[in-house]
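In: dropping a prediction and its sequence here:
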Amino acid sequence: MRGFFKILWAELVRSFIIMRRYWFASIISIGMGYATLVTLVYGLVFAAGSDSIRAMADNAINGILGFLIGAFAFGIVGMFTQGIQGMARTGELEQVCLSPFGLVTNFLARSFVMAVNSVISCTVMILLVTATVAKESLHWSPFATVVLLVLTYINLIGFGYMVGGLVLVFKYVGQIAVIIRFSMIGLAIFATEQVSQWPALGRWFAHAMPVTDAAICLKYVLIQGQMRPVLDEAGQKVVQEVVPVLDAQGAAVLDAAGSPMVEAVYALQPMSVFLHESFLFLVVSCVVWTVIGIACFRYLENWSRDKGTLGTY
Amino acid sequence: MSTEYAVELAKVDKVFHTHHFFQKNDDTGRRSFYHRKRIHAVQAVEFGIRPGEVLGLLGPNGAGKTTCVKMISSLVRPTAGKVFVNGMHVEKRRHEVLRHVGVVLEGTRTVIWPLTPLENLMYFGRLRDVSSKDLKKRARDLLDFIGLRDKMDTQVRRLSRGQRQRLAICIAMVSDPKVLLLDEPTTGLDVQSSRAIRTKVVELTREFNKSVLLTTHDMHIAQLLCDRIGIIDKGRLITCRKTRDLISVFADQTYEFRLDRMPPVELITSIPGVHEARVEADGAEEPVLLVRVSEDETERSRALYEVMDALRREQHLVRAVSLREQTLEEAFLRLTESTI
């Protein structure tokens, strides 16, 4: 544990120095991130094909949140893949291997610093985008959000350790890992509670990926405010009221016959995210990925030592 | 395991397997879908380094020097045999061993370029579990010692190659290890940088009683720095002895005859007791005949008389005769069977 905190401190200082020294690049990257998200918002609104401002906003905020969770996963897994490749190329990996704290502790501390950085920048980004483009505020629930972020992080590093171990032995796996990383972004964007209605194979694949249930839970907390539709005896959503469809200017949208269009607002009831079925999947996948990930990483680290590829590209 | 040594390799073997797809097989000369190649990088290597000693490991490219360094620093696991550092088995107590070993692997690749030397030392010091209380002072002392105090706040990317290499040595020493492994630390450096590193290595061993393993291609550096030298070729340790002894092995065997014209080399070679004869400065005004003779004193004396007789018969003017001063390079080449 002492080793973890020591490396954590070293990494924090290093990233702070680099961020301060290359402040222009840091600002540019935030600007680029903002531009990407704004483009994404308009893309999602367009893709939604809906005239309803409510549907558009829901769709956009769902996409942004998914994108940011995906970016978080992309970064953490990337540290174990392209990160290790890059470190091997510059020789930094050899130095990390020579640390008496071991590679597992080193990567844990590194990924933690990266996760903290990522959470801070994602929060800034989401606040900016929701305030300026989506005009929709999120339901901030600090305790649930922090618990979910920690579980997401544990889940991702477990997965990252497994892929990272493979990269230690086969450095070119890093290129294949790019596909996995992008698929995580895709899953995070499109992961909704509808996953439970997918065919069995797709459902299990989605639950096995470390980001799906994390994204569902985070969206449930931040977008839905831990409220779920009330179902009647037939399992159908109970309609609370019917309201007119409004466009972006707040005017009523008319159908082809010239009558105002309407949409249903469903009745909602509170339910803690900790009782959500995706939360259970998230906890299970956390345990499974962490155990598998660390076991694989240790085995592959030794294999890499045997092959003589540890630390080299 | 001997208590005499700070580092000890006991009958260490390392075999690597490489896998090739759609490549030409060197053995069959044919392209195949897949073939596996077995490389015996290190074969039954045994040596030890005493505290305060510099051991040089010399050998051609691919001889197994770096593999030995990596096995001591636990980056590579031996296939057979054992490696000990301060009496600890490297494989069994890897993390503990790493507290006692500082490594410079291919020099400049060690450091983080956007940081300054001081920041690099602070960063790597934390990674090596150096107490935070002492770290800053130690970092400054090391920069003083290595002569980089004035570059303390300059980003590494703005330093010269020699300065980066010196910084790499500081990083290896930041945890004050008892054993220092330097893998070709002077490769690609200019004379001044190379000399600065040489001086510092000497100071380290003499003043701070460090055990140093130095792999290098630079025979001059090895001759000046190393107390003992091991020569490794094709994974085998050919010899490991004191530098002075290694050089003197062949010192009393090669004689130079400075002549007026080209000598009859075939005639000289046929003389009993003459192992080899060749002409240096072929075509020059004053060719030099090099004659390597027997180690046995009587046989050597007889052979030298006969060489002189042969030269007199051929009416050569002998301008000078001298014992050739042997260098480490010649000893190395002889031992690795390339040439005299």
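Out: Everything's here; your move.
In: please name the nearest non-neighbouring residue to A:I157.
Out: Nearest residue to A:I157 in three dimensions, chain neighbours excluded: A:S111, at 5.2 Å (Cβ to Cβ, 6 or more residues apart in numbering or on different chains). (Glycine included, C-beta is placed from N, CA and C.)
In: quick one: which helix or strand includes that neighbour?
Out: helix A:103-129 (DSSP states H and E).
In: quick check: residues of the stretch 151-300 of chain B near chain A?
Out: Residues of the stretch 151-300 of chain B lying close to chain A by Cβ under 8 Å from any Cβ of the partner chain are B:Q155, B:I171.
In: can you rerun that using 10 Å?
Out: The stretch 151-300 of chain B comes close to chain A at residues B:Q155, B:A168, B:I171, B:A172, B:S175, B:L181, as judged by Cβ under 10 Å from any Cβ of the partner chain.
In: now intersect the residues you listed with the helices, please.
Out: Taking DSSP state H, the ones among those that sit in helices are B:A168, B:I171, B:A172.
In: any chance of a markdown table for those residues, columns pLDDT and neighbour count?
Out: Shown next, in a markdown table, are these (pLDDT from 0 to 100; neighbours: other Cβ atoms under 10 Å in any protein chain shown):
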| residue | pLDDT | neighbour count |
| --- | --- | --- |
| B:A168 | 88 | 27 |
| B:I171 | 90 | 27 |
| B:A172 | 89 | 25 |
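In: tell me the one of the residues you listed nearest B:R138?
Out: Proximity of those to B:R138 was ranked by Cβ to Cβ; the top entry is B:I171 with 11.6 Å.
In: wait, the closest one touches B:T110, no?
Out: Yes: assessed by Cβ atoms under 10 Å, B:I171 is found in contact with B:T110 at 5.7 Å.
In: if we can go back for a sec, which one of the ones in helices among the residues of the stretch 151-300 of chain B next to chain A sits closest to B:S73?
Out: For those, the nearest to B:S73 is B:A172 (10.0 Å; Cβ to Cβ).
In: ok, that closest one to A:F143 distance?
Out: Counting by Cβ to Cβ, to the nearest Å, the gap from B:A172 to A:F143 is 46 Å.
In: point me to the residue of the stretch 151-300 of chain A nearest chain B.
Out: Nearest to chain B, among the residues of the stretch 151-300 of chain A, is A:F170, at 10.3 Å (Cβ to the nearest Cβ).
In: ok, that residue to A:I292 distance?
Out: A:F170 sits 18 Å away from A:I292, taking Cβ to Cβ as the criterion.
In: repeat that for B:S74.
Out: Where A:I292 is concerned, B:S74 sits at a distance of 25 Å (Cβ to Cβ).
In: neighbour-wise, which of the two wins?
Out: B:S74 (22 against 14; other Cβ atoms under 10 Å in any protein chain shown).
In: what residues are up against the residue found closest to that one once you drop the neighbours it is linked to in the chain?
Out: Closest residue in space to B:S74, ignoring its immediate chain neighbours: B:R94 at 4.7 Å, by Cβ to Cβ, 6+ apart. Contact analysis of B:R94 by Cβ atoms under 10 Å, 6 or more residues apart in numbering or on different chains lists A:P100, A:G102, A:R305, B:S73, B:S74, B:R77, B:V85, B:M88.
In: list the ones among these that fall in strands.
Out: Among the contacts of B:R94, DSSP state E puts B:V85, B:M88 in strands.
In: and the residue in chain A positioned nearest to chain B, how many residues sit next to it?
Out: Closest residue of chain A to chain B, Cβ to the nearest Cβ: A:G91 (2.8 Å). By the criterion of other Cβ under 10 Å, A:G91 has 20 neighbours.
In: and it, what pLDDT?
Out: Looking at A:G91, its pLDDT is 81.
In: so it touches A:T312, yeah?
Out: Yes: at 8.6 Å, A:G91 counts as touching A:T312 under the criterion of Cβ under 10 Å.
In: quick check: mean pLDDT of the longest helix seen in chain A?
Out: Scanning chain A for the helix with the most residues, using DSSP H, yields helix A:277-307. In this model, helix A:277-307 has a mean pLDDT of 93.
In: how far is that helix from where the chain is centred?
Out: Averaging C-alpha positions (Cα atoms, centre = their mean, to the nearest Å) puts helix A:277-307 18 Å from its chain's average.
In: any part of that helix near chain B?
Out: Yes: where contact is defined by Cβ under 10 Å from any Cβ, part of helix A:277-307 touches chain B, namely A:N302, A:W303, A:S304, A:R305, A:D306, A:K307.
In: ranking the residues you listed by neighbours, who comes first?
Out: Most neighbours among the residues of helix A:277-307 next to chain B, by other Cβ under 10 Å: A:S304, with 25 neighbours.
In: who touches that residue in this structure?
Out: By Cβ under 10 Å, 6+ apart, the contact set of A:S304 is A:97, A:103, A:165-171, A:310-312, B:75-77.
In: how much space between it and A:T130?
Out: Distance from A:S304 to A:T130, counting by Cβ to Cβ: 44 Å.
In: cool, A:L151 as well?
Out: Taken as Cβ to Cβ, the span from A:L151 to A:T130 is 23 Å.
In: strands of the chain, start to end?
Out: Reading this off chain A. Taking DSSP E, the strands of chain A run over residues A:227-229, A:239-244, A:262-266, A:268-270.
In: switch to chain B, that's the one I care about
Out: Along chain B, counting by DSSP E, strands occupy B:7-24, B:31-49, B:54-58, B:80-85, B:88-89, B:101-105, B:179-183, B:211-216, B:228-233, B:236-242, B:254-259, B:274-280, B:288-293, B:318-323.
In: now those as CSV including mean neighbour count?
Out: Below are those laid out as CSV (neighbours: other Cβ atoms under 10 Å in any protein chain shown):
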stretch, mean neighbour count
strand B:7-24, 16
strand B:31-49, 16
strand B:54-58, 27
strand B:80-85, 20
strand B:88-89, 15
strand B:101-105, 25
strand B:179-183, 25
strand B:211-216, 26
strand B:228-233, 23
strand B:236-242, 16
strand B:254-259, 19
strand B:274-280, 17
strand B:288-293, 21
strand B:318-323, 12
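In: next, format those as a markdown table and append mean pLDDT.
Out: Converted to a markdown table, these look like this (pLDDT from 0 to 100):
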| stretch | mean pLDDT |
| --- | --- |
| strand B:7-24 | 88 |
| strand B:31-49 | 89 |
| strand B:54-58 | 92 |
| strand B:80-85 | 94 |
| strand B:88-89 | 94 |
| strand B:101-105 | 90 |
| strand B:179-183 | 91 |
| strand B:211-216 | 91 |
| strand B:228-233 | 90 |
| strand B:236-242 | 89 |
| strand B:254-259 | 89 |
| strand B:274-280 | 87 |
| strand B:288-293 | 89 |
| strand B:318-323 | 89 |
